[in-house]
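[1] Sequence and predicted structure below; questions after.
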Amino acid sequence: MNDLNSNIVTEINIDLDKFNQLQKVEDSEIILKNEKLEKVLINPLIDLMPPQICIEVFDNENESSILGTLGDFSLIIGKAKSKKSFFISIAVSAATKNNLVLDKIKGKLPSNQNQVLYFDTEQSEYYVQRAVQRICKITEIKNPENLKTYYLRKFSPKERLELIEHAIYNNSNIGLVVIDGIKDLVFSINDESEATNISSKLLKWTEENNIHIICVLHQNKSDNNARGHLGTELINKAESVVSITKAPENENISIVEAEFCRNKDFTTFAFEIDDLGIPKITEYHAKKEHDKKKFQISNYSDIELFKVVNRIFLNNPSPKYSELVFITKHSVESELKVSIGDNKAKELITYFNSKSWCIQSSAKSPYSKGEFKS
């Protein structure tokens, strides 16, 4: 009987020890979480410095708009062969030279963060080298010491992601990172967990290292939406979203337009490629701005307009309002062959709401597609 009591007491003591150990672990986790929250607590009484501008766009009046700041990332979208990589060459040239190039884009990296990392995930070594040589011609620097360019085509998505992360955390004085082909860091652009992981990585890398990252992503072939869940996730988180499109009347000209900017939108501009393979700025963008004024809802039937609604929800069945504005602009261009700006897109969304074609369950909830009611 004494042995039995002794065993019971021993078991109780063991259980108490386990309980105390678990309690200590739980307490330490609570302390750790409180410490993390304390570090990210916003104090409205402290004067915070605005983020450092690292790259900006100048318009014809010599006024500038912010394209990217340190501690954030931007997204470049466009269809295949829209010359996205040529635009990247301009941006990288500006950051590498840390000055104004082509009288349009200016790099403003601080002196202790003037290093640029450029990752190409799609092209072979030969074509990536040609891109670097193009940058050298634009900057008029034979071999920029502050530019490191890598071609990652032969690696798996997992290896590419690991190599980029390693380079970011093991190169000093980085200010700008370019990932030309962000989709090649995931196995599926429609995998929600992978999309969330990539966007979280970008936010983590940029904040912890106080750098700016420019990502490049293709648009769908059937419309102008950024591809898959990855595109949707990056648009939601990006500081700036810039589209590159071919001019309808002249495929040699590419139009650069600010789709979303947390700061002031830059004026739409365009570029073409000269005989030496170097991009140069053109004045074509003025025509597209003029075309935007032609759109009127009353000029289209409900059936035509509902085709726009179908296009909107084709790849994203539950967009938020900011996404809806973005997608509406490109859906109108795809279905009605006319360009509109943000204000017209918002006006059109209001019309869709009045027809119950775009539905919200509550004030701040995502939108869903309703039924056609003429």
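    In hand now; what should we look at? Numbering: from 1, shown residues only.

[2] what's Asp184 in contact with, if anything?
    If you count contacts by CB atoms under 8 Å, 6 or more residues apart in numbering, Asp184 has them with Thr121, Glu122, Leu152, Pro157, Arg160. Placement of C-beta: from N, CA and C, glycine included.

[3] Compute the distance between the second one and Lys369, please.
    Put plainly, it is Glu122. Glu122 sits 34 Å away from Lys369, taking CB to CB, to the nearest Å as the criterion.

[4] And for the last one?
    Counting by CB to CB, the gap between Arg160 and Lys369 amounts to 36 Å.

[5] neighbour count winner among the two?
    Taking Arg160 and Lys369 together and counting by other CB atoms under 10 Å, Arg160 has the greater number of neighbours (22 against 17).

[6] ok, the more buried one touching Thr121?
    Yes - checked against CB atoms under 8 Å, the pair Arg160 and Thr121 is within contact range at 5.9 Å.

[7] Low-confidence ranges, the stretch 251-374 of the chain, go.
    284-294, 373-374 (pLDDT under 70).

[8] which stretches of it form strands?
    Secondary structure of the stretch 251-374 of the chain (DSSP state E, counting those that start in this stretch): strands located at 269-273, 279-282, 358-360, 367-369.

[9] can you redo these as TSV with distance to Ile46?
    Converted to TSV, the strands of the stretch 251-374 of the chain look like this (distance: least, CB to CB, whole Å):
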stretch	distance to Ile46
strand 269-273	38
strand 279-282	41
strand 358-360	37
strand 367-369	37
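
[10] Leaving out the residues flanking it, which one is nearest to Ile66?
    The shortest distance from Ile66 to any non-neighbouring residue, by CB to CB, 6 or more residues apart in numbering, is to Asn263 (4.2 Å).

[11] Return the residues in contact with Glu233.
    For Glu233, the contacting residues are Glu192, Ala195, Thr196, Ile198, Ser199, by CB under 8 Å, 6+ apart.

[12] right, I mislabeled it, should have said Ser361
    With contacts defined as CB under 8 Å, 6+ apart, the neighbours of Ser361 are Ser368.

[13] so what are the domain limits for the protein?
    Taking automatic domain parsing as the reference, the chain has its domains at 1-48, 53-284, 293-369.

[14] Look up phi and psi at the residue nearest the centre of the chain.
    Residue closest to the average C-alpha location in the chain (CA atoms, centre = their mean): Leu75, at 2.9 Å. Leu75 has phi and psi values of phi -130, psi 130 when expressed as degrees, to the nearest 10.

[15] my guess is it meets Ile213, correct?
    No - because the distance of 9.6 Å does not satisfy CB under 8 Å, Leu75 is recorded as not touching Ile213.

[16] what do Arg160 and Thr121 both touch?
    Residues touching both Arg160 and Thr121 comprise Leu152, Asp184, Leu185, with contact defined as CB under 8 Å, 6+ apart.

[17] want to throw those residues into a markdown table with distance to Arg130 and secondary structure?
    Converted to a markdown table, these look like this (distance: CB to CB, whole Å; DSSP: H, G, I helix; E, B strand; the rest coil):
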| residue | distance to Arg130 | secondary structure |
| --- | --- | --- |
| Leu152 | 16 | coil |
| Asp184 | 19 | helix |
| Leu185 | 23 | helix |
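
[18] Asp191 touches His229, doesn't it?
    Yes - because the distance of 6.7 Å satisfies CB under 8 Å, Asp191 is recorded as touching His229.
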